[in-house]
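Engineer: output the structure for:
(one chain, ligands or ions: 2)
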Amino acid sequence: MTADTITAADIRINARWLIPIEPAGTVLENHAVIIQGNHLAAMIPQEQADRTFRTRETVDLPRHVVMPGLINMHGHAAMTLFRGMADDLPLMTWLNDHIWPAEGRFISEQFIADGTQLAMAEMLRTGTTTFSDMYFFPEIAAQVAHDAGIRAQICFPLLDFPTPWGAGPDEYLSKGADFIDTWKSDGYIMPAIGPHAPYTVSDGPMAEAVRLSEKTGAAIQIHLHETAFEVAEATEKLGQRPTARLADLGVLRPETQCVHMTQIDSGDISLLNQSGAHVIHCPESNLKLASGLCPVQELLDNGINVAIGTDGAASNNDLDLFGELRTAAMVAKVVAGDASAVSAHKALEMATINGARALGRDHELGSLAEGKLADIIAIDLSDPFLQPVYDPASHLVYSNHGRSVSHSWINGVPQVQDGRLTRIDVADLMLRVEDWAGRIRTKAD
Ligand SMILES: CSC[C@H]1O[C@@H](n2cnc3c(O)ncnc32)[C@H](O)[C@@H]1O
Ligand SMILES: [Zn+2]
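Structural biologist: Ligands and ions are numbered 1, 2, ... in the order given. Sure thing, here's the model as predicted:
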């Protein structure tokens, strides 16, 4: 009999349940996750870990599920400061009469810094370790995320009209090219291009966005087919559905993420499938704005990658991706007329590996496997509202909400410990948020 070799590592997490996401549907019991530096060194039964690893820190999680951190693939982080400001309205009234005037009045570098921090605090507390953002002053959002050590795709905005970030498309594109150049090699930040929507970006700037993506490898994220009105208006004015127009302009590519897609016909499915573009499903925003519903199971059945996002806190009104998963799984069943559509495990895949795939980072994010980056969360299942446990995956999707998240590590660094944020000063943040709320309340009337 030969003695096992003992290897030194940094952190050992003892998990009651482990859902690695890949292979699909797997649930392991009483396993240890070993972290060395910023990556996963091993996932092995706890008795084997006793014999083979010596770590400087051990975290015992005897009532918890451990899984990869969630990836929130669409949002407008700083819109947390507009949460609950304009409810019960359809998309275009909400945007034209409330949100765009408020953005014109309040958006500044400080607004983005404080609102993005508020969003990050909520997302970290509810299990998100990577988020995608499309908003103004992307250089500020990128800095704030980088400083907090949270992974983020930050899309610079592109529109035909002026906003607090720029005078028009030429300025957005030139500032955006510099933004990509500054952040392209960062370990946490993925700079990307955010043409707002087909109805706000004309052909010239849209084609420039494609050229910039081809030149830099940066992803494109765009709101697309959010409402029936968008598709009907474009078809009437331009004689083409927006997906067909974007395909002609070269926008639909494997680097492109199409957000919403509530209106889909067989031609749209072919274009998405042939192009390798991804769909980002935001069911709660779609429900709240009465925009429509994305046929998720049909897209998955046609080989299209579908990831999940919350959208901004002004149209959701929270950034809890576990809540979003529950809605996504429930709504998918009604839309498909099939209770087996989007199972619990499939919903978890949408919020992890499918998001990583949309980012082009599935080789290092989105599942727990040796060599992948150590972006990990734990969910405490000991609460009475999560008892008894027959199937932890079922509880994560159908019974849980994000507040049961107890721990989180990003790049091997602890971000949440026993439900508390380790790197964001929440008390100080609340003072700044209250200050903004006071200003918005007085000027919003
Ligand atoms: C180009 S910066 C982002 C821009 O998008 C607005 N926005 C927020 N939510 C939505 C949505 O669901 N559809 C379309 N546009 C949205 C946000 O307020 C910014 O102006
Ligand atoms: Zn959006």
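Engineer: give me the beta-bridge partners of the closest residue to ligand 1 within the stretch 101-250 of the chain?
Structural biologist: Closest residue of the stretch 101-250 of the chain to ligand 1, CB to the nearest ligand atom: P157 (3.3 Å). Yep, even glycine has a C-beta here, placed from its N, CA and C like the rest. The residues paired with P157 through beta bridges, assigned by DSSP bridges, are G194.
Engineer: the strands in the stretch 51-200 of the chain, which residues?
Structural biologist: Counting by DSSP state E, counting those that start in this stretch, one finds strands in the stretch 51-200 of the chain at the ranges 53-68, 70-72, 128-134, 151-158, 189-195.
Engineer: mean neighbour count, the ones you listed: which tops it?
Structural biologist: Compared across the strands of the stretch 51-200 of the chain, strand 70-72 shows the largest average neighbour count, a mean of 31 (mean count of other CB atoms under 10 Å).
Engineer: return the residues of the stretch 251-400 of the chain in contact with ligand 1.
Structural biologist: Residues of the stretch 251-400 of the chain lying close to ligand 1 (CB under 6 Å from any ligand atom) are S285, D311, G312, S315.
Engineer: neighbours around the first one, how many?
Structural biologist: Counted by other CB atoms under 10 Å, the residues lying close to S285 total 25.
Engineer: check the secondary structure at the closest residue to it other than its chain neighbours for me.
Structural biologist: Excluding the flanking residues, the one nearest S285 by CB to CB, 6 or more residues apart in numbering is D311, at 3.5 Å. Under DSSP: H, G, I helix; E, B strand; the rest coil, the three-state class of D311 is coil.
Engineer: follow-up on the earlier one: most neighbours among the residues of the stretch 251-400 of the chain next to ligand 1, which one is it?
Structural biologist: The most crowded member of these, judged by other CB under 10 Å, is D311 (29 neighbours).
Engineer: pretty sure it contacts C282?
Structural biologist: Yes: contact status for D311 versus C282: in contact at 4.3 Å, counting by CB atoms under 8 Å.
Engineer: can you list residues touching both of those two?
Structural biologist: H74, V259 (CB atoms under 8 Å, 6 or more residues apart in numbering).
Engineer: what residues go with each domain of the chain?
Structural biologist: Listed by the TED database, the domain ranges of the chain are 7-68+373-411, 70-359.
Engineer: highest mean neighbour count out of those?
Structural biologist: Relative to the other members of these, domain 70-359 carries the highest mean neighbour count by mean count of other CB under 10 Å, namely a mean of 21.
Engineer: do the host helix or strand of L212 and ligand 1 come into contact?
Structural biologist: L212 is part of helix 203-216 when elements are defined by DSSP states H and E. No: against ligand 1, helix 203-216 shows no contacts by CB under 6 Å from any ligand atom, the least distance being 12.0 Å.
Engineer: what average pLDDT does that helix get?
Structural biologist: This predicted structure assigns helix 203-216 an average pLDDT of 98.
Engineer: name the helices or strands packed onto the following helix or strand past it?
Structural biologist: The first helix or strand that comes after helix 203-216 along the chain, using DSSP H and E, is strand 220-224. Counting by 3 or more CB pairs under 8 Å, 6 or more residues apart in numbering; DSSP states H and E, the packing neighbours recorded for strand 220-224 are strand 189-195, helix 203-216, helix 242-248, strand 256-260.
Engineer: can you put those in a markdown table and add distance to T5?
Structural biologist: What follows is these, written out as a markdown table (distance: least, CB to CB, whole Å):
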| stretch | distance to T5 |
| --- | --- |
| strand 189-195 | 38 |
| helix 203-216 | 44 |
| helix 242-248 | 55 |
| strand 256-260 | 44 |
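Engineer: TSV for the strands of the stretch 51-200 of the chain, including mean pLDDT?
Structural biologist: Conversion of the strands of the stretch 51-200 of the chain to TSV gives the following (pLDDT from 0 to 100):
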stretch	mean pLDDT
strand 53-68	98
strand 70-72	99
strand 128-134	98
strand 151-158	98
strand 189-195	98
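Engineer: what residues are up against A113?
Structural biologist: Taking CB under 8 Å, 6+ apart, we find A113 in contact with I140, Q143, V144.
Engineer: turn these into TSV, including distance to A351.
Structural biologist: Compiled in TSV, the contacts of A113 are given as follows (distance: CB to CB, whole Å):
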residue	distance to A351
I140	27
Q143	26
V144	23
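Engineer: nearest to L28 among those?
Structural biologist: Taking CB to CB as the measure, L28 lies nearest V144 of these, at 35.6 Å.
Engineer: leaving out chain neighbours, which residue sits closest to M350?
Structural biologist: With CB to CB, 6+ apart, the residue lying closest to M350 is I308, at 4.7 Å.
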